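Enquirer: The sequence and its predicted three-dimensional model are supplied below.
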Amino acid sequence: MPVYNFKKMAPVPAAPDLVDIVLMRTQRKTPTVIHPGYKITRIRSFYMRKIKFTQQTISERLSQILTDFPRLNDIHPFYADLCNTLYDKDHYKLALGQINTARALVDSIARDMIRMVKYGDSAYRCKCLKRAALGRMCTVLKRQKASLAYLEEVRKHLSRLPALDPNTRTLLMCGLPNVGKSSFMNKITRGNVDVQPYAFTTKSLFVGHCDYRYLRWQVIDTPGILDHSLEERNTIEMQAIIALAHLTCSVLYFVDISEQCGYTIDQQCSLFRSIKPLFANKQLIIVVNKVDQQPWESLESDKKEMVKSLADDANCSIMTMSNLSEHGVSDVKAAACDKLLETRVETRVSGKKVEGVMNRLQVFQPAPRDDVQRKAHIPDSVKQAQAEGRVGSADHKPKRTMSGYAPTKETSGQNGDVDMDNAVRKTARDLMWENGGPGVWAPDYREQYDLKDPEWRFDAIPEIINGKNIADFVDPDIEKKLAELEVEEDQLLSELEAARMGEDAESDLDSEEEAAVEAIRSKKKLIKQRKQTDRSENKPVLPREIRGRRLNPLNTGARDSKTIKKTMDELGVDSSRMLERGRQMERGRERKRARSRTRDGNDDDGKDGGADDIDMDDADMSKKQAKKKRREKSQAASRDISVARSHSRPRDPSKSGLFTDDAVKMAKKLDKQGQKGWVGGAGEGDNRKAVHLVKWMNTGKKRNGTHYCR
């Protein structure tokens, strides 16, 4: 596991965002109301608490930033130099120092302002001191805008760095650009490093992992290094230099003998000599790459001597390899891992800790007690059993029984015991790998069955359903009969289709069944219409585009008598009586007379008779009384029509389910209470805060200026 994990660092907020976070948290976590009756000591505590809480919040945030970022003097030298190369150590320390100074300034501001609020003589003065304290703290935070922005960029870059362990087993690849380092890493690890046919495709360190000898190995791919002085190297090259300088690893120096990378062998040898001091105390292997393009044996002698001279000077080995044909890839990996493993073991053995362990270990070597030669002894009874064939075999050769094992390619057609090719008995695992591996071949576990008769072990297991054996009901000719049935069915279907060619499809139902189907369909349609009607109850009566507009009185539309008669005739309905009733109602409106019984479908004779009855009743009255009576009767009729059109409750309580007048009053009261929610009235859930009146503020004599409360 890596020692350093920079991905857990919390994001660094910008200065304005940090101010908003602090002030919002102070507003939410502290009291916000001062009542008129508070004593001055309570008012001081109120504002002192706000100042102290703001100071603690800022201190916590800044302390978290200082804790998350690594201290360059306390971490591994590899990470310290890497941070210096990527972010400039001086700028990094200066930003953290400014954050630490801001935290100290906020603490001192809070301490001074709390001391002043402690002696405030009024609520107004305490409030002014609180505002000044919070304003000065926020000003200090706003001045750290540049430092916070720089630290956030550093945090983002640190989180993208590879999580490598400087102390674990490591293979490190270096060399000029485009010599095959990333391709080799993709071959031996699961890392997916980008490989392109141009220089400096790899611009940072990439980490992968592989397994060798049941151990986890860390593989690091470094950017290419150019052959010039240390001062002229850029940030990309310095990452490789830092890794070579600080990591204890096995180094693979890649040399492209085909010179397709764009650099000659002489330039590659020159780079090796310039960075040779970085190879001290490291296991080095010179990897000759791309031998598929230029074989090592056919290389020019002078170039071959140049490479060999490098190996002689550095006291290392040369290995050939090709990433394209994968020639020597595994050998290079194994050699590098073995060298580093030997070195680590020697280092631990030569250390001081081994002495304390070796003193507690005792190794004993067995010594012969005499000169007598003691051979293996086989009892006579065993020899006799072998001769009779009761133990082992007569020829004393190892045998392997075929019972209980699935047949293989070599043992197909053989039964009984088979001679083994070697003296070692093959296990089920060996047979599995010889015959295709897991999932292809498996041993027959029926050999291990413990049955009354051992001969029953390899019999087919019967399938029993409801106490009967399925094998007893299996017809051996079932497949043949099924095929014949399918052929016959296809033939019948083809004949039926040929007979129905050109004819309408006939229904198989009789008249009663068709009537039932029609009734079901009509009921389904009715249910569907009813459901759509129920859905449309909450929709507006008029479309939104015409709602609120005045109708054109000259445009009769569908209310025209001709249109109505035409529509009703199409539907097969006699509309004469309906049109006649409409004409009578229209005449009644023109004459301004009361609504007569013709509205209910009566004829004109009935109407005239009713009028004669009214005239006879009014004969005994004066003209004024008769006029008043007719007016009241007309108003009562119009009022009855209005009530009939509306959906109001009947006046009789028994008709609405209420049997007493008290129940009617209670219902009206509950209805009014229920309307408070949508008419804006106060309800039971409203939070009422009454004015808090203190006795000493509202009793006694009150003169001008004595009843003022803060």
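Expert: Alright, I've got the coordinates.

Enquirer: where do the strands sit along this structure?
Expert: Assigned by DSSP state E, the chain shows strands spanning 170-174, 206-212, 215-221, 250-256, 283-289, 317-320, 399-401, 417-419, 464-465, 468-469.

Enquirer: Please list all residues in contact with residue 310.
Expert: For residue 310, the contact set (Cβ atoms under 8 Å, 6 or more residues apart in numbering) comprises 269, 272-273, 286. Where C-beta positions appear, they are placed from N, C-alpha and C, glycine not excepted.

Enquirer: Give me the distance between residue 428 and residue 437.
Expert: Residue 428 sits 13 Å away from residue 437, going by Cβ to Cβ, to the nearest Å.

Enquirer: Give me the more crowded residue out of the two.
Expert: The residue with more neighbours, out of residue 428 and residue 437, is residue 428; 13 against 9, by other Cβ atoms under 10 Å.

Enquirer: so how far is stretch 374-381 from its chain's centroid?
Expert: Mean-position distance between stretch 374-381 and its chain equals 72 Å (Cα atoms, centre = their mean, to the nearest Å).

Enquirer: residues near residue 10, how many?
Expert: Using other Cβ under 10 Å, residue 10 has 11 neighbouring residues.

Enquirer: Assess the claim that it and residue 67 are in contact.
Expert: No: Residue 10 is beyond contact range of residue 67, at 9.6 Å (criterion: Cβ atoms under 8 Å).

Enquirer: any common contacting residues for those two?
Expert: Contacts common to residue 10 and residue 67, judged by Cβ under 8 Å, 6+ apart, are absent.

Enquirer: Tell me which stretches of the stretch 51-200 of the chain form helices.
Expert: Taking DSSP state H, counting those that start in this stretch as the criterion, the stretch 51-200 of the chain carries its helices at 77-87, 89-117, 123-142, 145-160, 181-188.

Enquirer: which of the residues in the fourth one are buried?
Expert: Along helix 145-160, the positions that meet the burial threshold by neighbour count (16 or more other Cβ atoms under 10 Å) are 147-148, 150-151, 154-155, 158.

Enquirer: that older thread, for the helices of the stretch 51-200 of the chain, state which one has the densest average packing.
Expert: helix 181-188 (a mean of 22; mean count of other Cβ atoms under 10 Å).

Enquirer: quick check, distance from that one to the centre of its chain.
Expert: In terms of Cα atoms, centre = their mean, the centre of helix 181-188 is set 32 Å apart from its chain centre.

Enquirer: Could you number the chain from 210 rather than 1 from now on?
Expert: In the new count, where the first residue is 210, that last one comes out as helix 390-397.

Enquirer: still on that earlier bit, which one of the buried residues of helix 354-369 is nearest residue 735?
Expert: Comparing these against residue 735 with Cβ to Cβ places residue 364 closest, at 69.4 Å.

Enquirer: Name the helix or strand of this structure that has the lowest mean pLDDT.
Expert: Taking mean pLDDT, DSSP states H and E as the measure, helix 813-826 is the helix or strand of the chain with the lowest mean score, a mean of 45.

Enquirer: For residue 433, which non-adjacent residue is closest in space?
Expert: Nearest residue to residue 433 in three dimensions, chain neighbours excluded: residue 386, at 2.8 Å (Cβ to Cβ, 6 or more residues apart in numbering).

Enquirer: Against residue 505, how distant is that neighbour?
Expert: According to Cβ to Cβ, residue 386 and residue 505 sit 22 Å apart.

Enquirer: ok, back up a step: burial count for the residue nearest to residue 433?
Expert: 19.

Enquirer: Contact partners for it?
Expert: Shown in contact with residue 386 (Cβ under 8 Å, 6+ apart): 408-410, 432-433, 435, 470-471.
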